[in-house]
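> prediction below, plus the sequence it came from.
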Amino acid sequence: MRPSFNTAGPCLPGEHYMVPPERRLGRALELIDDGKYFTLTAGRQTGKTTSLLWLVRHLNASGRFCALWVDLQTAREQPDPEKAFRTVLGNIDKAAAFELPDVNRPPEGERAKWLVDPATAVGNMLGALASAAPKPLVVLFDEADGLVGPAMVSFLTQLRQGYIGRAEHPFPHSVALVGMRQVRDYALVEEERRTVAWIGTTSPFNITAEGLTLATFSLPDVEDLVAQHTARTGQRFEPEAVALFYELSQGHPWLVNALADQIVDRDLRDRSAPVTAAHVEAAKETIIRERRTHIDSLIAKLREPRVQKILDPMLAGDSTGADVLDDDFAYVIGLGLIRRNQDVYEIANPIYREVIPRALTYVRQGQIHLAPARFIRPDGSLDMPGLMAEWQQFWREDGHESATGFQYRESGPHLMLMAFLQRVVNGGGHIRREYALGKRALDLLIEWKGERHAIEVKLRRTTETEERSLSQVAAYLDFLGLEEGWLVMFDLRSTLPWPERLWNKQMEHEGKRIHVVGC
C-alpha cells in the first residue's frame, strides 16, 4: 500500500504521511510521568486521536505504564448516567482487552451490578483495572466533551473521588480528558450550565493539573510532511508552494493534508511535474467549492448562537456585546474557528476567512441576477467604477432589504457586498478577506488576472467616520503596495433619503487615490 495524505480518520503508520505526534503533545508525557490528571484540547480533525493512539503505544512499549485509549464517542449526547455508563464501561473493557490482554478484567456480570448505582460505576471499573494492572494505569478518554448533563457531571465527580482517594484505594495513575473544549465548557446549554454551576471557572473537580492544547503544524512540520511524499515518489514541492500551504492553513493538519491530497492525487498526478503555488491556490478553491466533510461540519457550527455572537461582529469589524462571556470565546476557539493573536481575536486561518462569508452568502449569491461579463473590459481588465456603480444600484433596489434576512444581522451589509462581489469575481479571480474583532473595518482584496483592487468597508454612524477611515484605507494601500483603492461606507442613518446616501467621490489622501462610495 502506497502512503498517502490522510483526510479521513486517524493516521496509521505506513499508510499515511505523518508528522511525528510527539512533536505536538507538549508537556503531556511529563504530566503522565508525574501522575497528573489533565485536559488536552484541539479543534476538529487536528490529529487528537492520532496523537492519543501514538501515546498509548509509546507508554505501553516503555514498560513503565499500562495505558488505555478509551473512545467515548458512542456515549455522546446521552444524559442518562445508567445508559451512558453502560457504554462507557463497555468501551473501557474493550480497550483493556486490546491493550492489556493479560490483565484480569471485571466480568460483564460484575459491571452489570455496578450499573445498579451509576454514581459509582465508572469509579469501580477504573479502580478494578488499576488494582489488576501490573504497572501504573494511564487512561486517555477521547471525545470526553461529548458527555452531557447528569452523565457528564457524574463522570467528572467519580474521577474526582477516585483521584482524591487513590492513596488508599487503587485508581489510575494519570487520566487525560481529550476533546474540542476545556472541561469547564463541557455544559453547552443554559439548563446544563445551571446544573453544573458548582464547576467554577477553572476545572470541574479541582484536580486537573493543566489544560494542554494540541499544537498545529509548524512550517518545518509541513516541510517534513511533503518531503515524505517527495522521498516516496520523486515529486517536488516548490518552496513557494510549501510556504503557501502553511500560510493558507496556519498549520491546521486536515487543511494541510487536504490541499496536498487534492493536488497529488487529483490535479497533478504526473510525478515529474513539481507542485507550485498556483496548484495550491487551485486546490484551496476546490476544497471550498466542494465543501468537503471538514468544511461542511465547520459550516454547520456557524448556525450556533454562541458562534454567531462572536463571528457576526467580527465580520463587521466591531466588538462583541456585553452578553458574550469568556467561556463563549473558549468554546469557539476550541472549535478551531478563531484564535487569539497578540491579544486580538481573529479567524484561525485564511481558508476559514474565505469559507465563513462564502458559506453565509451562498444562497444570496444564487439570487443576484448579474452578467459578470458586463464588468470585463475588452482588454480583460475589471471595470471597477462600473462594478461599484452597479453595486449602489443593487443595494438601493434590493440589497438593503436582503441584507436584513441574514442570520448574521450585524454584518448583513458586509455580507451582501461580499455576495455581490463574489458573484462577479467567480471563475476569473479571488477575493481575500481580512477581519477581526475590533478592527473597525472589513478589508477586501480582489485579485483579477494580475490586477489587485483593495476595498475597505466601514459602517458610517457619524459625519466624522469618513475622515477617520481615509487614513485606514491609505495605510491598507501602503501595506499592499498600491496607489489606488476603494472605501465603501454604509450609512446607518435610516432617516436619510436615498439620494443623500448614494454618492461617489474621488480623493487624494496621504499620497493615495481613494474612491469613496456611499451606500
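On my side now, so go ahead. Since the structure is predicted, the reported quantities are computational estimates derived from the model, not experimental observations.
> for Tyr352, which residues are in contact?
298, 337 (Cβ atoms under 8 Å, 6 or more residues apart in numbering). Placement of C-beta: from N, CA and C, glycine included.
> quick check, pLDDT for Ile207.
pLDDT recorded at Ile207 is 66.
> ok, Thr202 next?
For Thr202, the model assigns a pLDDT of 41.
> and the helix or strand harbouring Met388, what does it pack against?
In the assignment (DSSP states H and E), Met388 maps to helix 384-394. When contacts are defined as 3 or more Cβ pairs under 8 Å, 6 or more residues apart in numbering; DSSP states H and E, helix 384-394 packs onto helix 412-425, strand 484-491, strand 503-509, strand 512-518.
> Val222 contacts Val242, correct?
Yes. If you go by Cβ atoms under 8 Å, Val222 and Val242 touch, sitting 6.0 Å apart.
> quick revisit: distance to Ala119 added to the helices and strands packed on helix 384-394, as TSV?
Formatted as TSV, the helices and strands packed on helix 384-394 follow (distance: least, Cβ to Cβ, whole Å):
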stretch	distance to Ala119
helix 412-425	49
strand 484-491	56
strand 503-509	69
strand 512-518	64
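> closest to Tyr345 out of those?
Among the helices and strands packed on helix 384-394, the nearest to Tyr345 by Cβ to Cβ is helix 412-425 (17.1 Å).
> so which of the helices and strands packed on helix 384-394 is the most packed in?
helix 412-425 (a mean of 24; mean count of other Cβ atoms under 10 Å).
> so what touches that helix?
315-316, 357-358, 360-361, 364-365, 368, 370, 372, 375, 387, 391, 394-395, 399-400, 402-406, 408, 431, 433, 442, 444, 446, 448, 455, 457, 459, 488, 490, 519.
> which PyMOL command selects the buried ones in the residues you listed?
The following PyMOL line selects those of those that are buried, judged by 16 or more other Cβ atoms under 10 Å:
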select buried, resi 315+316+357+358+360+361+364+365+368+375+387+391+394+395+399+400+402+403+406+408+431+433+442+444+446+448+455+457+459+488+490+519
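> next step: the contacts of helix 412-425 restricted to strands.
431, 433, 442, 444, 446, 448, 455, 457, 459, 488, 490 (DSSP state E).
> pLDDT on the helix or strand in which Leu244 is found, on average?
According to DSSP H and E, Leu244 maps onto helix 239-249. For helix 239-249, the mean pLDDT works out to 97.
> buried set for it?
241-249.
> with stretch 300-312 instead?
Buried, per 16+ other Cβ under 10 Å, within stretch 300-312: 301-302, 306-312.
> just stretch 288-297 next, same as before
Buried, per 16+ other Cβ under 10 Å, within stretch 288-297: 288, 291-292, 294-295.
> ok, now stretch 211-224?
211-217, 221-224.
> ok now it, how far from the chain's centre?
15 Å (Cα atoms, centre = their mean, to the nearest Å).
> picking up where we left off before, most widely separated two among the ones in strands among the contacts of helix 412-425?
Farthest pair in the ones in strands among the contacts of helix 412-425, by Cβ to Cβ: Trp448 and Leu459, 26.2 Å.
> hang on, the earlier thing: what's the helix holding Leu244 packed up against?
For helix 239-249, the elements it packs on are helix 219-233, helix 253-262, helix 277-290, helix 350-366, judged by 3+ Cβ pairs under 8 Å, 6+ apart.
> state the mean pLDDT of the last one.
With pLDDT averaged residue by residue, helix 350-366 scores 89.
> ok and that helix relative to helix 277-290, angle-wise?
50 degrees (axes from the mean of the first three to the mean of the last three Cα atoms, to 10 degrees).
> one more: the shortest one?
Taking the same axes, to 10 degrees, helix 253-262 and helix 277-290 form an angle of 110 degrees between their directions.
> and helix 253-262, what other elements does it pack with?
By 3+ Cβ pairs under 8 Å, 6+ apart, helix 253-262 packs against helix 219-233, helix 239-249, helix 277-290, helix 293-301.
> hmm, His16 and Phe5 touching each other?
Yes. Under the criterion of Cβ under 8 Å, Phe5 makes contact with His16 at 7.1 Å.
> winner for burial among the helices and strands packed on helix 239-249?
Of those, helix 253-262 is the most buried (mean count of other Cβ under 10 Å), at a mean of 26.
> would you turn the buried residues of stretch 300-312 into JSON lines with distance to Leu126?
Formatted as JSON lines, those follow (distance: Cβ to Cβ, whole Å):
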{"residue": "Lys301", "distance to Leu126": "33"}
{"residue": "Leu302", "distance to Leu126": "38"}
{"residue": "Arg306", "distance to Leu126": "32"}
{"residue": "Val307", "distance to Leu126": "35"}
{"residue": "Gln308", "distance to Leu126": "39"}
{"residue": "Lys309", "distance to Leu126": "38"}
{"residue": "Ile310", "distance to Leu126": "37"}
{"residue": "Leu311", "distance to Leu126": "39"}
{"residue": "Asp312", "distance to Leu126": "43"}
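> check contacts around the residue nearest to Leu214 when sequence neighbours are not counted.
Excluding its sequence neighbours, the residue lying closest to Leu214 (Cβ to Cβ, 6 or more residues apart in numbering) is Ala42, at 3.6 Å. Ala42 makes contact with 48, 180, 213-214, 336 under the criterion Cβ under 8 Å, 6+ apart.
> and the least confident of those residues?
The member of the contacts of Ala42 with the lowest pLDDT is Met180, at 84.
> report how many residues lie close to the closest residue in space to it that isn't next to it in sequence.
Nearest non-adjacent residue to Met180, counting by Cβ to Cβ, 6+ apart: Gly334, 4.6 Å away. Neighbours of Gly334 under the rule other Cβ atoms under 10 Å: 20.
> quick one: the helices in the stretch 1-150 of the chain?
Secondary structure of the stretch 1-150 of the chain (DSSP state H, counting those that start in this stretch): helices at 28-33, 48-62, 81-99, 108-114, 118-132, 149-164.
> who's Ile376 bridged to?
Leu382 (DSSP bridges).
> go ahead and confirm it touches Leu382.
Yes. Using Cβ under 8 Å, Ile376 makes contact with Leu382 at a distance of 6.6 Å.
> where does the protein have its least confident helix or strand?
helix 190-195 (a mean of 42; mean pLDDT, DSSP states H and E).
> next SSE after that one?
Immediately after helix 190-195, counting by DSSP H and E, sits strand 208-213.
> tell me which other helices or strands that next one touches.
helix 28-33, strand 37-41.
> for Asp326, find the nearest of these.
strand 37-41 (15.0 Å).
> quick one: mean pLDDT for the closest one?
On average, strand 37-41 scores 92.
> same check, this time on stretch 384-397
For stretch 384-397, the per-residue pLDDT averages 94.
> mind listing what's buried along that stretch?
For stretch 384-397, by 16+ other Cβ under 10 Å, it's 384, 387-388, 390-392, 394-395.
> Throw these into TSV and include distance to Leu259, thanks.
Putting those into TSV (distance: Cβ to Cβ, whole Å) gives the following:
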residue	distance to Leu259
Met384	31
Leu387	30
Met388	33
Glu390	34
Trp391	32
Gln392	37
Phe394	34
Trp395	36
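> what's around the spatially closest residue to His173 that is not a sequence neighbour, how many residues?
Using Cβ to Cβ, 6+ apart and skipping the chain neighbours, the partner closest in space to His173 is Pro136 (3.5 Å). Per other Cβ under 10 Å, the neighbour tally for Pro136 reads 17.
> any figure for the gap between Pro136 and Ala260?
39 Å (Cβ to Cβ, to the nearest Å).
> follow-up on the earlier one: would you mind giving the helices and strands packed on helix 253-262 as CSV with distance to Leu129 added?
Shown next, in CSV, are the helices and strands packed on helix 253-262 (distance: least, Cβ to Cβ, whole Å):
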stretch, distance to Leu129
helix 219-233, 35
helix 239-249, 40
helix 277-290, 43
helix 293-301, 34
